[in-house]
Every structure is written in C-alpha cells, then in structure tokens.
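Asks: Test case, fold it:
(chains A, B, C and D)
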2 protein chains.
Amino acid sequence: MARTLPQPTIDSITMTTVLAALADPVRRSLMRALYLNAGPVDCAIAAETVEVSAPTVSHHWRVLREAGLTTTVVNGRRRTISVREDDLEIRFPGLLKAVLDPDDEPAQA
Amino acid sequence: MARTLPQPTIDSITMTTVLAALADPVRRSLMRALYLNAGPVDCAIAAETVEVSAPTVSHHWRVLREAGLTTTVVNGRRRTISVREDDLEIRFPGLLKAVLDPDDEPAQA
DNA sequence: GCTATGATTCGACGGACGTCAAAGAGTTAT
DNA sequence: ATAACTCTTTGACGTCCGTCGAATCATAGC
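Replies: Prediction:
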C-alpha cells in the first residue's frame, strides 16, 4: 500500500549527478525544506516553499530522487519525501551539511 | 609584472555558481590537480591531467576563476593557478573537502 | 623587427536543462 | 460510476553548456 519509488543504490550515486542536482537553487530550496525537518515531509508542503509550477516541482523531485538525494514514498494520492541523509553521509561525508547549512544567495532574478 | 586576473570577492561567491562549476568532471579533475599541491601550479601541468583540447581547458579555468574557486596569476606567458582554499573555507566551510576528497566516479564515457 | 610559444577568444555545433500548459494516470470520496 | 483531487508525463520553447578548430593576443628570445 505504500510503494517506494525506484532510487539508485548507495554505490551508484555519483558526485557529478549529486552536484548537478544541487546546483539548481530551486532544488536546493526543496532539499532544505526536507533537511530541516527530520523525517518524511509531505510533497505538497515542501513544494510551497518554491515559486514554480506543479509540473516543474514534479520534475525537480524526480531529478533529486534519481540523483540519490531523496526517497519518495507513495501513499495513496499523497507522497512523502525524505533526504537520504545516512546514505549520503556514507557516500560523500560532510557534503550535505556543507551545501545546505550555509545561507543561500537571495534567489537571483 | 605579475598580474592577478579579476576574481569575485569572498562575499560575492554564490553556492549556485560554485556547485555548477564543480558539477563538471573535467573541472573537478583540474581542481584536484591544484588541491593536492599546496601552492600555485603551472597551468599547463594541471591541464595534462585532463583529456580535452587547449581551448576547452582555458574555458574551464575561466569558469573556475569566475566562480571564485581559483586564483590565476599571469607571469610572462605562463600562468599559475591556485585554489582559493582559505576564502572558500570562510564562505562555505567544509565544502571543498567534501567535494574533492572522495574518489570520483570513473570518467563516464 | 621577426618568429616562436603559451594561452585566450571567436564562432559554431550538438546536446542538455528549466520551465510551462495541456493531457493523463492513479486514488479517494460521494 | 462519477466526480474531485494529487501528482506525473508529454511536448514544446528558449536558453545555457561543453567541445572543438581557426584565428587572435601577448610575451620571450633571437
């Protein structure tokens, strides 16, 4: 009843894909919305922190998941998303903290 | 006699630009060639570690410098490049280490 | 001056990216 | 069933990126 969407194994997570995913300010914004909360976050709630259309958000969730940064669990017609914090700490120690802790630049127009 | 090419101030270094710069495997390879050596490295020597044409390397040096990752010093017709390690540690603590320390993925074909 | 050398700039090409509106797929509720 | 709801997929559009060959610039040395 609660499917987990396919995601890369720890070993197949690459630095290139992770950095490319995190290089986008919208995706970093989404990641922070998850990172601050420990545990799964309702997909729609995290999406509120960002000012793009629903299809675009959906696209970004997919990029993050396929990069190995998040886990998506489908529960009925809602989905909850969480950061793969432990996996990432194993694969690339300190990276998530170094990227998400600093204050971001003001969203460039 | 030894000009230093223009580069962003510490405060104007943005996470987006830094991550975008580091997301490219060739640029990460160049960065490692500098990062392992403490101190300035001859531009041509660092470029040997990478398999792209000279114009492309030059392009990557510029991207790295404009992102605030490196300092380029022109000395006659040679240039030496170094990582702005201290500046980056102030701006984004732990980031450089987290990105450059791990073994990279095998250069994807 | 003239030539050789080290590196950049210009112009072009193919491919990837971020974005959205419209349509679709799956789920809950009436 | 039928409607409402949540999210995704498709297709398109404009933009940016990585790459190279050819041309250019700047310095060193003869």
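Asks: Look at the residue of chain A found nearest DNA strand C and say how many residues are nearby.
Replies: Going by Cβ to the nearest atom of the strand, DNA strand C is nearest to A:G76 of chain A, at 2.5 Å. Where you see a C-beta, it was placed from the backbone N, CA and C, and this is true even at glycine. The number of residues packed around A:G76, counting by other Cβ atoms under 10 Å in any protein chain shown, is 7.
Asks: so how far is DNA strand D from A:R84?
Replies: Note on A:R84: its distance to DNA strand D, by Cβ to the nearest atom of the strand, to the nearest Å, is 16 Å.
Asks: Regarding the residue nearest to that residue when sequence neighbours are not counted, which helix or strand does it belong to?
Replies: Using Cβ to Cβ, 6 or more residues apart in numbering or on different chains and skipping residues adjacent in sequence, the residue nearest A:R84 is A:T71, 5.6 Å away. The secondary structure element spanning A:T71 is strand A:70-75 (assigned by DSSP states H and E).
Asks: what packs against that strand?
Replies: In this structure, strand A:70-75 makes packing contacts with strand A:2-4, helix A:54-67, strand A:78-83, judged by 3 or more Cβ pairs under 8 Å, 6 or more residues apart in numbering or on different chains; DSSP states H and E.
Asks: and the first one with DNA strand D, contact?
Replies: No. Counting by Cβ under 7 Å from any atom of the strand, no contacts exist between strand A:2-4 and DNA strand D, the nearest distance being 11.7 Å.
Asks: close to DNA strand C, is that strand?
Replies: No. Remark: strand A:2-4 sits outside contact range of DNA strand C, by Cβ under 7 Å from any atom of the strand, the gap being at least 7.6 Å.
Asks: quick one: contacts for the residue of chain A closest to DNA strand C?
Replies: A:M1 (Cβ atoms under 8 Å, 6 or more residues apart in numbering or on different chains).
Asks: before we move on, back to that, what's opposite the residue nearest to A:R84 in the beta bridge?
Replies: Following DSSP bridges, A:T71 is listed with bridge partners A:S82.
Asks: which parts of chain A sit against chain B?
Replies: Within chain A, the positions near chain B by Cβ under 8 Å from any Cβ of the partner chain are A:14-16, A:19-20, A:22-25, A:28, A:91-95, A:97-99, A:102, A:104-105, A:108.
Asks: re earlier: would you mind measuring from the residue nearest to A:R84 to B:F92?
Replies: Counting by Cβ to Cβ, to the nearest Å, the separation of A:T71 from B:F92 is 26 Å.
Asks: Those two - which one has more neighbours?
Replies: When A:T71 and B:F92 are compared for neighbours, B:F92 comes out ahead with 21 against 18, by other Cβ under 10 Å.
Asks: is it true that the more buried one touches A:L100?
Replies: No. Between B:F92 and A:L100 no contact is recorded; they are 10.8 Å apart, counting by Cβ atoms under 8 Å.
Asks: Give the full set of residues in contact with A:V26.
Replies: For A:V26, the contact set (Cβ under 8 Å, 6+ apart) comprises A:V50, A:V52, A:T56, A:H60.
Asks: what is the orientation angle of the host helix or strand of it with strand A:70-75?
Replies: Taking DSSP H and E as the definition, one finds A:V26 inside helix A:25-36. Taking axes from the mean of the first three to the mean of the last three Cα atoms, to 10 degrees, one finds that helix A:25-36 is oriented at 70 degrees with respect to strand A:70-75.
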